[in-house]
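A.B. asks: pasting the sequence and the predicted model now:
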Amino acid sequence: MPEDRRILTEQRKRLLVCIALAGVVAVVYHRVGAFAFVFDDQGFLHDNPVVLKGVTGEGIRWALTTFSTGNWYPLTWLSHMVDVQLFGLNPGPHHLVNLSLHALNTVLLFLVLRRLTGALWPSGFVAALFAVHPLHVESVAWVAERKDLLSALFWILALGAYARHAASPGVRRYALVVLLFALGLTAKPMVVTLPIVLLLLDWWPLGRLPRTAAAGRAWGALVVEKIPLLALAGAVGLVTARAQASVGAMASAAVYRPAWRVANALTTNAVYLGKVLWPTGLAAYYPFPLGSRPLWQVGGAVLLLVGFSAAAIVGRRRCPALAVGWSWHLVTLAPVIGLVQVGGQARADRYMYLPLIGLGIAAAWCAPPLLRRARVSGAPLAAIVLLALAVLTVAAGRQSETWRTPLSLYSRMLAVTSGNWVAHNGYGVELQKLGRLTEAIEHYRAAVAINPGAAYLRGNLAFALYDAGLVDEAIEQLLIYTRKSPGNPEAQYRLGLLLGRAGRFSESLPALREMTRLRPWFPAGWDALGVTCANLGLRAEAEAAFREVLRIEPGNQVSRRNLERLQALR
């Protein structure tokens, strides 16, 4: 075949694969345009007055400096602002942006792997697995997980830029790698491991390490080359630690003991591997199991880790993709494996968005030679691969349906997990919205029984009890927590509101004053303080509180009217 015709055929194949990959993403997620906002979308959008204004100078400054939600990801905040600017709070377009980003990531992953390895079909398989695996549904069908998609976009682009730099090193090409890495870090800091992954790629498939006595010097030079990237990763890591500590997200060692964290990290890795092969029982939240794990679970997880690692080391020359893919999985998973516990989850499906690529690489390049030895190749091998991908496609489509509404999401969580206070509380909130107060109180009580120390759980139970006419029990629920943890602003806020609703303004006042001291940027807290002070005849303090609301949120018409009424009474 003439060279130009061969090139044309190759280009057509790449184009067809790209179209097929984008198409299969659309098949899996075509219904998300009809999905509602769920889970943390409320905090990211509805309850965030800065994001609700769309793209503004104030919003850009806030995005660059805020530690809201315990993280620093200005690019993600800016993307949400752009969405609100364009679409308002219609959830459909927000979901479709996520779908489009996942499709773009899938196609780019294929093209970058093709450039790195020169292999068309293995690259296509890894990208297809990335496109349709049910573990990725959470990252796509949850608007608040835009950060996964954006950070992965710049991660993949950085890999492509690095492939160009490796082929012909240059300052400008390397600067582009650094820029793309920086953008990825501003979308989600989980991508800090990129420099280590690039070192893996230097070995295979880029072959930048010679198999000679000079390999040691070459390795040192490649490490030095990554110093700017490592420095950037370290700086963002420090910022992230500060952000998480600022909101109390980094869990106490007294609650999550180091031995429990190690056991959870080991067993979680094993669970992830199991879910890659058999992705059932997936949920939006898996509570951390307090207490010691059974020895057989930890021992089995250790054997699995050691076994895969040993196989990767032994087979590194025969199939280097196994060592690179397995190391990719471990390295990219390390920041979220739970050795440093953040939040109350044991694991999360979204954490596999990048690590799954490594496992796909190991499978795509190392499984076919093994199957050929078993005389499975050609059409039979293609049929097996296509059947597996088809099954995953159907499973991912079904899993995406669990994210359609808050009720379907929490119902799924309750069905496949146990001891899940997040699911009980969320389900209670949705039932209360529907007027099913008795059922909501049952779920709130279940959530509090599982996690009695969480202020927001007692707060939700208290307000439901109040609506059911059980005022004294409602107030007692919040008093229990504020006595144990007087520095919790959410508890103080809810206690102040509830006492105010009951007409006990003199008791409400100290709680609301404390709340505004602890959380001075929260306009609803100042508004509640203003109302309470007005009812107690403290007009000067009430006016000051309403002015503070308008300073934080100039468009708050309720506080503006309250301020005008007070001024009219002078």
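C.D. replies: Done, it's in.
A.B. asks: going forward, measure contacts between C-alpha atoms and count neighbours the same way
C.D. replies: Fine.
A.B. asks: quick check: buried residues in stretch 173-187?
C.D. replies: For stretch 173-187, a neighbour-count test (16 or more other Cα atoms under 10 Å) marks 173-174, 176-178, 180-187 as buried.
A.B. asks: can you list contacts of that stretch?
C.D. replies: For stretch 173-187, the external contacting residues (Cα atoms under 8 Å, 6 or more residues apart in numbering) are 72-76, 147-148, 150-155, 157-159, 161-162, 164-165, 191-192, 194, 228-229, 232-233, 236.
A.B. asks: put the buried members of those residues into a PyMOL selection.
C.D. replies: Burial among the contacts of stretch 173-187 is assessed by 16+ other Cα under 10 Å; the matching PyMOL selection reads:
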select buried, resi 72+73+74+75+76+147+148+150+151+152+153+154+155+157+158+159+161+162+164+165+191+192+194+229+232+233+236
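A.B. asks: ok, back up a step: TSV for the buried residues of stretch 173-187, including pLDDT?
C.D. replies: Supplementary listing: these in TSV, determined by pLDDT from 0 to 100:
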residue	pLDDT
R173	96
Y174	97
L176	97
V177	98
V178	97
L180	98
F181	98
A182	97
L183	97
G184	97
L185	97
T186	96
A187	96
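A.B. asks: between these, which is closest to A127?
C.D. replies: Distance to A127 across the buried residues of stretch 173-187 (Cα to Cα) is lowest for G184, with 19.5 Å.
A.B. asks: for I156, see how far away that closest one is.
C.D. replies: In this structure, G184 and I156 are separated by 9 Å, where distance is defined by Cα to Cα, to the nearest Å.
A.B. asks: give the buried residues for the host helix or strand of Q492.
C.D. replies: Taking DSSP states H and E as the criterion, Q492 maps to helix 489-501. Of the residues in helix 489-501, those with enough neighbours to count as buried (16+ other Cα under 10 Å) are P489, E490, A491, Q492, Y493, R494, L495, G496, L497, L498, L499, G500.
A.B. asks: do stretch 543-554 as well
C.D. replies: By neighbour count on 16+ other Cα under 10 Å, the buried set for stretch 543-554 is E543, A545, F546, R547, E548, V549, L550, I552, E553.
A.B. asks: shaky segments in the chain?
C.D. replies: Confidence mapping of the chain against pLDDT under 70 gives the ranges 1-8, 211-216, 246-255, 341, 570.
A.B. asks: ok, now which ones touch the most centrally placed residue in the chain?
C.D. replies: The C-alpha lying nearest the average C-alpha coordinate of the chain belongs to E145 (Cα atoms, centre = their mean; 4.9 Å). Taking Cα under 8 Å, 6+ apart as the definition of contact, the neighbours of E145 are E138, S139.
A.B. asks: apart from its neighbours in sequence, what residue is nearest N460?
C.D. replies: Distance criterion Cα to Cα, 6 or more residues apart in numbering; nearest residue to N460, sequence neighbours excluded, is Y444 at 6.9 Å.
A.B. asks: just S151 next, same as before
C.D. replies: Skipping the residues right next to it in sequence, S151 comes nearest to G184 by Cα to Cα, 6+ apart, at 4.3 Å.
A.B. asks: before we move on, back to that, who are the packing partners of the helix holding Q492?
C.D. replies: On a contact count with 3 or more Cα pairs under 8 Å, 6 or more residues apart in numbering; DSSP states H and E, helix 489-501 meets helix 455-467, helix 471-484, helix 505-518, helix 523-535.
A.B. asks: export the first one as PDB, just CAs?
C.D. replies: Coordinates of the C-alpha atoms in helix 455-467 are reproduced here as PDB (Å, rounded to 0.1, in the frame of the first residue of the first chain):
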ATOM      1  CA  ALA A 455     -24.900  19.400  64.000                       C
ATOM      2  CA  TYR A 456     -26.700  19.600  60.700                       C
ATOM      3  CA  LEU A 457     -28.300  16.200  61.300                       C
ATOM      4  CA  ARG A 458     -29.700  17.400  64.700                       C
ATOM      5  CA  GLY A 459     -30.700  20.700  63.000                       C
ATOM      6  CA  ASN A 460     -32.800  19.000  60.400                       C
ATOM      7  CA  LEU A 461     -34.400  16.700  62.900                       C
ATOM      8  CA  ALA A 462     -35.100  19.700  65.200                       C
ATOM      9  CA  PHE A 463     -36.800  21.700  62.400                       C
ATOM     10  CA  ALA A 464     -38.900  18.700  61.400                       C
ATOM     11  CA  LEU A 465     -39.900  18.100  65.100                       C
ATOM     12  CA  TYR A 466     -40.800  21.800  65.300                       C
ATOM     13  CA  ASP A 467     -43.000  21.600  62.200                       C
END
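A.B. asks: okay, the angle between it and helix 471-484?
C.D. replies: Our comparison of helix 455-467 with helix 471-484, counting by axes from the mean of the first three to the mean of the last three Cα atoms, to 10 degrees, yields an angle of 160 degrees.
A.B. asks: orientation of helix 455-467 relative to helix 489-501 in degrees?
C.D. replies: Note on geometry: by the same axes, to 10 degrees, helix 455-467 and helix 489-501 are set 10 degrees apart in direction.
A.B. asks: how far does helix 455-467 sit from the chain's center?
C.D. replies: Here helix 455-467 is found 27 Å from its chain centre; the criterion is Cα atoms, centre = their mean, to the nearest Å.
A.B. asks: how about stretch 372-386?
C.D. replies: Averaged C-alpha coordinates place stretch 372-386 at 36 Å from its chain's average position (Cα atoms, centre = their mean).
A.B. asks: quick check: end-to-end length of that stretch?
C.D. replies: Stretch 372-386 has its terminal residues 17 Å apart, counting by Cα to Cα.
A.B. asks: which parts of the stretch 301-450 of the chain are helices?
C.D. replies: Chain-ordered helices for the stretch 301-450 of the chain, with DSSP state H, counting those that start in this stretch as the definition, fall at 320-333, 355-373, 379-401, 406-416, 421-433, 437-450.
A.B. asks: closest to L120 out of those?
C.D. replies: Of all these, helix 355-373 comes closest under Cα to Cα, at 10.9 Å.
A.B. asks: and the closest one, what does it pack against?
C.D. replies: For helix 355-373, the packing partners by 3+ Cα pairs under 8 Å, 6+ apart come out as helix 120-132, helix 320-333.
A.B. asks: of those, which is nearest E439?
C.D. replies: If you check each of the helices and strands packed on helix 355-373 against E439 by Cα to Cα, helix 120-132 wins as the nearest, at 36.5 Å.
A.B. asks: now the closest one, how far from the chain's geometric center?
C.D. replies: On Cα atoms, centre = their mean, the centre of helix 120-132 falls 23 Å from the chain's centre.
A.B. asks: same check, this time on stretch 331-349
C.D. replies: 11 Å.
A.B. asks: what's next to that stretch, contact-wise?
C.D. replies: Stretch 331-349 is contacted from outside by 135-136, 138-139, 190-191, 193-194, 196-197, 244, 249-251, 256, 258, 261-262, 264-265, 268-269, 282-289, 351-352, 354-355, using Cα under 8 Å, 6+ apart.
A.B. asks: of those residues, buried ones?
C.D. replies: Applying 16+ other Cα under 10 Å to the contacts of stretch 331-349, the neighbour count classes 135-136, 138-139, 190-191, 193-194, 196-197, 244, 249-251, 256, 258, 261-262, 264-265, 268-269, 282-289, 351-352, 354-355 as buried.
A.B. asks: could you point out the helix or strand that follows the helix or strand hosting H80?
C.D. replies: Of the helices and strands defined by DSSP H and E, H80 is found in helix 74-87. Past helix 74-87, further along toward the C-terminus, the next helix or strand under DSSP H and E is helix 91-117.
A.B. asks: I figured Y427 was touching E442, is that so?
C.D. replies: No. Counting by Cα atoms under 8 Å, Y427 sits too far from E442 to count as a contact (10.2 Å).
A.B. asks: who has more neighbours out of these two?
C.D. replies: Relative neighbour count places Y427 above the other of Y427 and E442, with 24 against 14, counting by other Cα atoms under 10 Å.
A.B. asks: select, out of the helices and strands packed on helix 489-501, the one closest to A301.
C.D. replies: With Cα to Cα as the yardstick, what comes closest out of the helices and strands packed on helix 489-501 is helix 455-467 (33.7 Å).
A.B. asks: alright, I will stop here.
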